[in-house]
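>>> take this sequence and fold it.
(one chain, ligands or ions: 1)
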Amino acid sequence: MTIDIGLIRHSWSLIEPVADQVTKHFYGRLFANYPHIRELFPPAMDLQRDRLFHALAQVVLNLEDGDGVGDYLGQLARDHRKYGVQPEHYPAVGDCLVAAMRYHAGELWRPAYDEAWMTAYKFIAEVMIQAAEQDATQSPPSWVATVVAHEVRTPEIAVITVQPDQPYPYRAGQYATLQSAHWPRVWRPYSIANAPRQDNLLTFHVRMVPGGWVSTALMHHTRPGDSLLLGPPRGSLVLDRASTSHLIFIAGGTGLAPLKALIEESVWVPDRPAIDLFHGVRRSVDAYDNEDLQRLRSDHRRLRIVHAISDDPDQWRRQSAVDALEYHRIVPDGDVFVCGSPDMVRVTANRLLGLGVPLHRIHTEFAPGGAARFAVL
Ligand SMILES: NC(=O)C1=CN([C@@H]2O[C@H](COP(=O)(O)OP(=O)(O)OC[C@H]3O[C@@H](n4cnc5c(N)ncnc54)[C@H](O)[C@@H]3O)[C@@H](O)[C@H]2O)C=CC1
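Below is the predicted model:
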């Protein structure tokens, strides 16, 4: 089975500008023709639509990287088990997807695109079905997790610790999706803010998003003893365990979560020269994890922590996390991990490139569920 990457990319360039219409059309057609599939999805589809397009874009843009695409599809398949996706759903999705693309490309659509997409989709479906079957032999589709601690750190940020009902293997830096009983079938990604622990506890940093269903439920309507559902771990923002390079972590707000997990993992590498964390927050009151971070620092003297405050009128020095890196004259001569809002990640990554940090030393994953690589301006 050979996928014609040229045809896929060419047809994708027709679809990209009308992605929103294509995904709406796709789901409309899917639910009209296969009403039983509707039950697998949440009542409101807005975020779901973005996810489909994002997942497709990841595959299309990385088709040459066979291993990378395989890993990505494997994670996607494991994650889709929690929705109850079955092998017989795949052909329905493929048919509706190609029909939606054909419809919106109009006269520009060539018959050869149909074949190219059906071949590519067959490959995607086979990899995903196989990965899901393999996963079913060793993991549940989702985990029930009991809330064991719920700390309100600021009026908008809660730190929540849960105990999954069975072992939850993951790597520091990965994220999981959470579902609250208040919003059935609605999953939201959150990074796991601690390295794997013997007691299997997982901590999440939740910022309440205005109008955010799950974040509001987690912030205001969740208490110790409540149950949450937990999807499988995802993401590739992980440490190279063989490396002993100088590590710099640049976090924006709750983007601290995965970086804290990576710091917890990296402080144990004996030959590591230094670990620097720059945590950018808007106001000093937003430094929600200061106490925990200082505790971590008192146990590991090679760890240096700088808080950068960007928007507080009471602060005489206002700076972003990457400004603080320059201000403190830290030479970024190792690996730099960046996490925060997509804009913060993009701006920071471009500043680092300007400081001479090679691209392969800059490690980033947008907000979970967002684009995996930043766009270099
Ligand atoms: N909670 C979690 O597990 C995770 C959250 N994230 C993402 O991290 C972000 C955190 O947001 P908040 O806590 O509201 O932090 P925030 O948006 O208030 O920003 C925190 C810091 O980032 C800087 N910043 C924001 N936009 C910037 C830009 N365009 N250029 C340069 N610096 C910028 C601010 O100046 C501030 O220093 C969200 O987008 C979230 O999705 C990412 C990974 C994990």
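
>>> skipping adjacent residues, who's closest to S11 in space?
Among residues not flanking S11 along the chain, Y113 sits closest, at 4.2 Å (Cβ to Cβ, 6 or more residues apart in numbering). In this view, the C-beta of every residue, glycine as well, is placed from N, C-alpha and C.

>>> ugh, typo on my part, it should be V127
In space, V127 is closest to L73, 4.5 Å off (Cβ to Cβ, 6+ apart).

>>> next one: A261
Nearest to A261 is A172, by Cβ to Cβ, 6+ apart, at 4.0 Å.

>>> who does the helix or strand harbouring G70 touch, helix- and strand-wise?
Per DSSP states H and E, G70 falls inside helix 66-80. Where contact means 3 or more Cβ pairs under 8 Å, 6 or more residues apart in numbering; DSSP states H and E, helix 66-80 is packed against helix 46-61, helix 111-136.

>>> mind redoing it with 6 Å?
helix 111-136 (3 or more Cβ pairs under 6 Å, 6 or more residues apart in numbering; DSSP states H and E).

>>> what residues does the chain have near the ligand?
190-191, 205, 207, 252-255, 257-258, 280-282, 310, 320-321, 339-341, 343-344, 347, 367-368 (Cβ under 6 Å from any ligand atom).

>>> residue boundaries of the helices in this structure?
Ranges of helices in the chain, per DSSP state H, are 5-15, 19-33, 35-38, 46-61, 66-80, 89-105, 111-136, 213-220, 256-266, 290-299, 321-327, 342-354.

>>> in the third one, what's buried?
Just to be clear, that refers to helix 35-38. Of all the residues in helix 35-38, those buried under the rule 16 or more other Cβ atoms under 10 Å are I37.

>>> just checking, the residue nearest to V127 touches I129?
No - using Cβ atoms under 6 Å, L73 is not in contact with I129, being 10.1 Å away.

>>> now R297. Nearest residue, chain neighbours left out?
Nearest non-adjacent residue to R297 (Cβ to Cβ, 6+ apart): L303, at 5.0 Å.

>>> for L229, which non-adjacent residue is spatially closest?
Q179 (4.0 Å).

>>> same check, this time on A193
Per Cβ to Cβ, 6+ apart, closest to A193 is A257, 3.9 Å.

>>> pick out the residue of the stretch 101-250 of the chain closest to the ligand.
S191 (3.6 Å; Cβ to the nearest ligand atom).

>>> for burial, what's the neighbour tally of the residue nearest to L229?
As a burial measure, Q179 scores 22 neighbours (other Cβ atoms under 10 Å).

>>> who are the contact partners of the residue in the stretch 151-300 of the chain that the ligand sits nearest to?
At 2.1 Å from the ligand, G253 is the closest residue in the stretch 151-300 of the chain, using Cβ to the nearest ligand atom. Contacts here follow Cβ atoms under 6 Å, 6 or more residues apart in numbering; on that basis G253 touches G340.

>>> G211 and D46, how far apart?
11 Å (Cβ to Cβ, to the nearest Å).

>>> same question but for D286, I mixed them up
The value you get for D286 to D46, if Cβ to Cβ is used, is 27 Å.

>>> more crowded one of those two?
D286 (23 against 9).

>>> check that one and give its pLDDT.
D286 carries a pLDDT value of 95.

>>> try L47
At L47, pLDDT is 72.

>>> please name the residues that touch V206.
Per Cβ under 6 Å, 6+ apart, neighbours of V206: 158, 160, 215, 218-219.

>>> in these, find the pair that's most separated.
I160 and S215 (10.8 Å; Cβ to Cβ).

>>> ok, these two, which is more surrounded?
Neighbours per residue (other Cβ under 10 Å) separate I160 from S215, with I160 holding more: 25 against 21.

>>> what sits against that one?
150, 204, 206 are the contacts of I160 under Cβ under 6 Å, 6+ apart.

>>> so the spatially closest residue to it that is not a sequence neighbour bridges to which residues?
Excluding its sequence neighbours, the residue lying closest to I160 (Cβ to Cβ, 6+ apart) is F204, at 5.0 Å. Beta-bridge pairing for F204 (DSSP bridges): I160, I192.
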